[in-house]
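Novice: One predicted model, sequence on top.
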Amino acid sequence: MREMNESVEPPVLEISDLRVAYGSRTVVDGLAFRVDRGEIFGLLGPNGAGKTTTLSALEGLVKPLSGRVVVNGVEVQRYPIEAEALLGVQLQSSSFQAELSIEQIVKLYAGLYGVRLSRAQIRESIRTLGLGEELGKRFKHLSGGQQQRLALFIATIHNPLLLLLDEPTAGLDPQSRRTLWKRIEKLRGDGSSIVLTTHSMEEAQAVCDRVAIIDHGKLLTLGTPAELINKHKDDPEVLAVAHGAVTLEDVFIGLTGDEIRD
Ligand SMILES: Nc1ncnc2c1ncn2[C@@H]1O[C@H](COP(=O)(O)OP(=O)(O)OP(=O)(O)O)[C@@H](O)[C@H]1O
């Protein structure tokens, strides 16, 4: 029982009954979950499950058929500008201006977000990203890992409360993945909450505090990786795909099936 005077922190993100359709096709179908302060929350699902669409609705980029998205008490649909200031979104590499240098890109986005950074501060941030040597390099000439590191930095330049990352480690080698995870965990340590998608169940099991597995736009299960393994380890569909100790990947495949999605 909570004490009467105990203060309860509002969730950083709360979505309820979220439904999104493209034309007549409903691709997010009644999703509901909450994310607390300092959580790394994984949104998992096969190709086409509705993960990116859900993130787009959280960002206010697509208009839901129904449901509410509330970021730290601010309803995204009603107060998009206020909500945007609380959100950090990692842009795809293709969204950056390929011909600009790293320094120009940092300056540009600092300006767009209204963050005042001196030239020395910009250079120092770029150095701490491990990109000091690449200061004048054009974005298009950076490696995939360097581009992802820069994209994560830009997404967090205004210290957002909630960070939305769509497959942040896709296509990266193990070294770059580790570096990026360390940065994500540091951001969590500094007080941000993170919602991310990944197709790596191993990563999700290792890094996410809680995960939601969705398919066909519907929530199938939600909890810490250990809770989900415990809850589903005796499901016949999970046992059928497990080799030895049940993993989060076994739970994922058991619940979503093993047929390939388009
Ligand atoms: N702009 C769009 N117009 C019409 N249909 C779309 C659009 N964007 C996505 N879809 C469809 O909506 C469904 C959900 O797509 P979404 O990109 O949200 O899935 P996802 O879980 O992120 O998949 P992936 O893991 O492949 O990135 C898919 O069937 C997709 O083809």
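Specialist: All right, it came through fine. Numbering: from 1, shown residues only.
Novice: Give the next helix or strand downstream of the longest helix seen in the chain.
Specialist: The single longest helix within the chain, with elements called by DSSP state H, is helix 174-189. The element immediately downstream of helix 174-189 (helix or strand, assigned by DSSP states H and E) is strand 193-197.
Novice: Can you name the residues of the stretch 51-200 of the chain that neighbour the ligand?
Specialist: 51, 52, 53 (Cβ under 6 Å from any ligand atom). (Glycine included, C-beta is placed from N, CA and C.)
Novice: Name the member of the residues you listed with the most neighbours.
Specialist: residue 51 (25 neighbours; other Cβ atoms under 10 Å).
Novice: Without its sequence neighbours, what residue ends up closest to that residue?
Specialist: residue 197 (4.4 Å; Cβ to Cβ, 6 or more residues apart in numbering).
Novice: before we move on, back to that, looking at the residues of the stretch 51-200 of the chain next to the ligand, spot the one nearest residue 231.
Specialist: Among these, residue 51 lies closest to residue 231 (Cβ to Cβ), at 21.3 Å.
Novice: So the closest one versus residue 167, what's the distance?
Specialist: Using Cβ to Cβ, to the nearest Å, we find residue 51 at a distance of 9 Å from residue 167.
Novice: Report pLDDT for the most centrally placed residue in the chain.
Specialist: Among the residues of the chain, the one closest to the centroid is residue 196, at 2.1 Å (Cα atoms, centre = their mean). At residue 196, the model reports a pLDDT of 96.
Novice: Next: residue 15.
Specialist: pLDDT, read off for residue 15, is 97.
Novice: Could you check which helix or strand contains it?
Specialist: strand 13-22.
Novice: orientation of that strand relative to strand 193-197 in degrees?
Specialist: Relative orientation of strand 13-22 and strand 193-197, computed by axes from the mean of the first three to the mean of the last three Cα atoms, to 10 degrees: 30 degrees.
Novice: For strand 13-22, buried residues please.
Specialist: 13, 14, 15, 18, 19, 20, 21 (16 or more other Cβ atoms under 10 Å).
Novice: about what we covered before: list the contacts for the residue nearest to residue 51?
Specialist: Contacts of residue 197 were listed using Cβ atoms under 8 Å, 6 or more residues apart in numbering, and they are 42, 43, 44, 45, 51, 52, 55, 165, 166, 167.
Novice: I'd assumed the second one was in a helix, is it?
Specialist: No. When the secondary structure is assigned by DSSP: H, G, I helix; E, B strand; the rest coil, residue 43 falls in strand instead of a helix.
Novice: burial measure for it, as a count.
Specialist: For residue 43, the count of nearby residues is 28 (other Cβ under 10 Å).
Novice: Same check on the fourth one?
Specialist: With neighbours defined by other Cβ under 10 Å, the count for residue 45 comes to 25.
Novice: helix or strand for residue 70, which one?
Specialist: Secondary structure assignment for residue 70, by DSSP H and E: strand 66-71.
Novice: what's that strand in contact with?
Specialist: For strand 66-71, the external contacting residues (Cβ under 8 Å, 6+ apart) are 11-19, 30-32, 57-58, 60, 75-77, 83, 86-87, 161-162.
Novice: That one: what's the following helix or strand?
Specialist: Next along from strand 66-71, by DSSP H and E: strand 74-75.
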